[in-house]
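Asker: quick one, structure for this:
(chains A and B)
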2 protein chains.
Amino acid sequence: MVYELYYWPGIQGRGEYVRLALEYAGAKYIDVALVPEEKGGGVPALEKYLEGEDVERPPFAPPFLQAGRQLIGQTANILLFLGGRLDLAPRDAAGRLWTNQLQLTIMDFVAEAHDTHHPIGSGLYYEQQKAAAKKRAKDFVANRLPKFMGYFERVLERNRTGSPGLVGSKLTYADLSLAQVVAGLRYAFPSATRTALRAYPGVLALHEHVLSKPRIKRYLASKRRLGFNNDDLFRHYAELDKAHSR
Amino acid sequence: MVYELYYWPGIQGRGEYVRLALEYAGAKYIDVALVPEEKGGGVPALEKYLEGEDVERPPFAPPFLQAGRQLIGQTANILLFLGGRLDLAPRDAAGRLWTNQLQLTIMDFVAEAHDTHHPIGSGLYYEQQKAAAKKRAKDFVANRLPKFMGYFERVLERNRTGSPGLVGSKLTYADLSLAQVVAGLRYAFPSATRTALRAYPGVLALHEHVLSKPRIKRYLASKRRLGFNNDDLFRHYAELDKAHSR
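Answerer: Below you'll find the predicted structure:
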């Protein structure tokens, strides 16, 4: 099976959570946006599914994944699907639901991190919502970031298997995603995140553990891994990082 | 099986999506927050799971559901679980993923509707973020509401079974949730929603169809159904509803 991942070019975005799962599992996949347009790739290939009138089960937004005849959208849903296929989630139904529950909480965390720079509207420029962004970032750093981090720290502490991961004894896609969130927060809020992570050693250790895995290391060093940048979900604006120091 | 639903008292919130599934299926459940504290219910019963140090798989936030020995959090995850148990989703794996995908998109819609009155921080009062709320509500009504509604209208059009629902020939939990979102938007943005729904007859028809089902009718007329109110996810502030008329 060669998976086809559809996501906007030029940013990691929510596509990155899917890429990390595929890369960690060593799965074969095509990043369709990177295929030349004349070969059926690029943004027009995404738009075909987003806007095409004959798509029976259209996705609302990228990322979406083509797996044989199945077209699957919503990041956590793609990972729920891949978790079973790629052995990135427990085999039992309760363990799969628990992994999905954690992933949904991670996606909520991601959405809130995004909204720090876009509190008013995703279709507007940052510059059009800078004042509100500063307030939202302050609240995020003071309240939401510790709430989410503290939650995942508790989950890690309560995993009695001795694994550095959130669920059971093997890494799951939720671990890969949480490691990516920490990477994103380090880019976006370097100062606030450095301070915060001191209180969450389990989260930091998981991040480092994931980044030490050979396939992940190779992926992060490859051209396939895009750098963080300020068109992306995690953005670094010094004035938002400083918002936490009163 | 008697399910135990844990959600904050006094508001519909995200708990309502779970309630509607349980009610439509005629499932037995206990709304734990409504049980007197001296009988093990009320807010302390919720806090026991949120803050208790011996909860192996703690939820991040309500709603969560106790089903036998399983404790399940995250609204869409609870519904994914109940969908199979209560026959509120297709039996095939692809159909279940598709229903979950739609539910996740509905939950994104709900989060954005919430953020119209809380664009800066969920821990602050509306009055502390009124100016930003007005801007965000304007963007929501002008851009996001039509984008989500238009998407669900397309999904309904492409369901070739002749059913008024989103998936296949039978109602699913996603249909119940979308009907609830329409009810919430009608409360929060009566004027904007009335205008918008003219363009989305399928969404309106689904809403009315769900509300016409006997068990849903009985539930909505019962004391178990809380009214919409301004401590809830959907809130009516006239100034936000008017934000769409320029």
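Asker: please save the CA atoms from the one helix or strand residue A:102 maps to in CSV.
Answerer: Per DSSP states H and E, residue A:102 falls inside helix A:93-115. C-alpha atoms of helix A:93-115 as CSV (Å, rounded to 0.1, in the frame of the first residue of the first chain):
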residue,chain,number,x,y,z
ALA,A,93,-10.5,-1.3,21.4
ALA,A,94,-10.2,0.4,24.8
GLY,A,95,-6.6,1.2,24.1
ARG,A,96,-7.4,2.6,20.7
LEU,A,97,-10.1,4.9,22.1
TRP,A,98,-7.7,6.1,24.8
THR,A,99,-5.1,6.9,22.2
ASN,A,100,-7.7,8.7,20.1
GLN,A,101,-8.8,10.6,23.2
LEU,A,102,-5.3,11.8,23.8
GLN,A,103,-4.9,12.7,20.1
LEU,A,104,-8.0,14.8,20.2
THR,A,105,-6.7,16.6,23.3
ILE,A,106,-3.4,17.2,21.4
MET,A,107,-5.4,18.7,18.5
ASP,A,108,-7.2,21.0,20.8
PHE,A,109,-3.9,22.2,22.2
VAL,A,110,-2.6,22.7,18.6
ALA,A,111,-5.8,24.7,17.7
GLU,A,112,-5.2,27.0,20.8
ALA,A,113,-1.6,27.5,19.9
HIS,A,114,-2.6,28.5,16.4
ASP,A,115,-5.2,30.9,17.7
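Asker: mind splitting chain A into its structural domains?
Answerer: Listed by automatic domain parsing, the domain ranges of chain A are A:3-85, A:93-244.
Asker: out of those, which comes closest to residue B:55?
Answerer: Across those, residue B:55 has its closest neighbour in domain A:93-244 (7.6 Å, Cβ to Cβ). Where you see a C-beta, it was placed from the backbone N, CA and C, and this is true even at glycine.
Asker: what about that closest one and chain B, touching?
Answerer: Yes - applying Cβ under 8 Å from any Cβ of the partner chain, one finds domain A:93-244 touching chain B at A:94, A:97-98, A:100-101, A:104-105, A:108, A:111, A:115, A:119-121, A:123-124, A:129, A:132, A:135-136, A:139-140, A:143-144, A:148, A:151, A:154-155, A:158.
Asker: buried ones among these?
Answerer: Buried residues within these, defined by neighbour count using 16 or more other Cβ atoms under 10 Å in any protein chain shown: A:97-98, A:100-101, A:104-105, A:108, A:115, A:119-121, A:129, A:132, A:135-136, A:139-140, A:144, A:148, A:151, A:154-155.
Asker: tell me where chain A has helices.
Answerer: A:15-25, A:42-51, A:75-85, A:93-115, A:130-139, A:145-157, A:173-188, A:190-197, A:201-212, A:214-221, A:238-241 (DSSP state H).
Asker: could I get those as TSV with distance to residue B:75 and mean pLDDT?
Answerer: What follows is the helices of chain A, written out as TSV (distance: least, Cβ to Cβ, whole Å; pLDDT from 0 to 100):
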stretch	distance to residue B:75	mean pLDDT
helix A:15-25	20	98
helix A:42-51	25	96
helix A:75-85	12	98
helix A:93-115	8	97
helix A:130-139	23	93
helix A:145-157	16	98
helix A:173-188	17	98
helix A:190-197	27	95
helix A:201-212	24	98
helix A:214-221	31	98
helix A:238-241	29	92
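Asker: need these in JSON lines with distance to residue B:20, can you?
Answerer: Below are these laid out as JSON lines (distance: least, Cβ to Cβ, whole Å):
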{"stretch": "helix A:15-25", "distance to residue B:20": "29"}
{"stretch": "helix A:42-51", "distance to residue B:20": "29"}
{"stretch": "helix A:75-85", "distance to residue B:20": "21"}
{"stretch": "helix A:93-115", "distance to residue B:20": "19"}
{"stretch": "helix A:130-139", "distance to residue B:20": "31"}
{"stretch": "helix A:145-157", "distance to residue B:20": "27"}
{"stretch": "helix A:173-188", "distance to residue B:20": "28"}
{"stretch": "helix A:190-197", "distance to residue B:20": "38"}
{"stretch": "helix A:201-212", "distance to residue B:20": "35"}
{"stretch": "helix A:214-221", "distance to residue B:20": "41"}
{"stretch": "helix A:238-241", "distance to residue B:20": "38"}
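Asker: if we can go back for a sec, what's the angle between the helix holding residue A:102 and helix A:173-188?
Answerer: Per axes from the mean of the first three to the mean of the last three Cα atoms, to 10 degrees, the angle that helix A:93-115 makes with helix A:173-188 is 10 degrees.
Asker: returning to what we had before: nearest to residue B:195, of the helices of chain A?
Answerer: Between those, helix A:42-51 lies closest to residue B:195; by Cβ to Cβ that is 24.1 Å.
Asker: check which helices and strands the closest one sits against.
Answerer: Contacts defined by 3 or more Cβ pairs under 8 Å, 6 or more residues apart in numbering or on different chains; DSSP states H and E place helix A:42-51 against strand A:3-6.
Asker: list the contacts of residue A:119.
Answerer: Taking Cβ atoms under 8 Å, 6 or more residues apart in numbering or on different chains, we find residue A:119 in contact with A:129, A:132, A:133, A:135, A:136, B:115, B:119, B:120, B:132, B:136.
Asker: my bad, residue A:88
Answerer: A:21, A:24, A:25, A:79, A:82, A:171, A:172, A:173, A:176.
Asker: hang on, the second one packs against residue A:216?
Answerer: Yes - proximity of residue A:24 to residue A:216 meets the contact threshold set by Cβ atoms under 8 Å, at 5.8 Å.
Asker: just the pLDDT for the nearest residue to residue A:81 once chain neighbours are set aside.
Answerer: What sits nearest to residue A:81 in space, not counting adjacent residues and going by Cβ to Cβ, 6 or more residues apart in numbering or on different chains, is residue A:72, at 5.4 Å. Predicted confidence (pLDDT) for residue A:72: 98.
Asker: residue A:72 pairs with what?
Answerer: Residues in a beta bridge with residue A:72, per DSSP bridges, are residue A:65.
Asker: quick one: neighbours of it, just the number.
Answerer: 24 (other Cβ atoms under 10 Å in any protein chain shown).
Asker: hmm, it is touching residue A:85, no?
Answerer: No - Residue A:72 lies out of contact with residue A:85 (Cβ under 8 Å); the separation is 11.0 Å.
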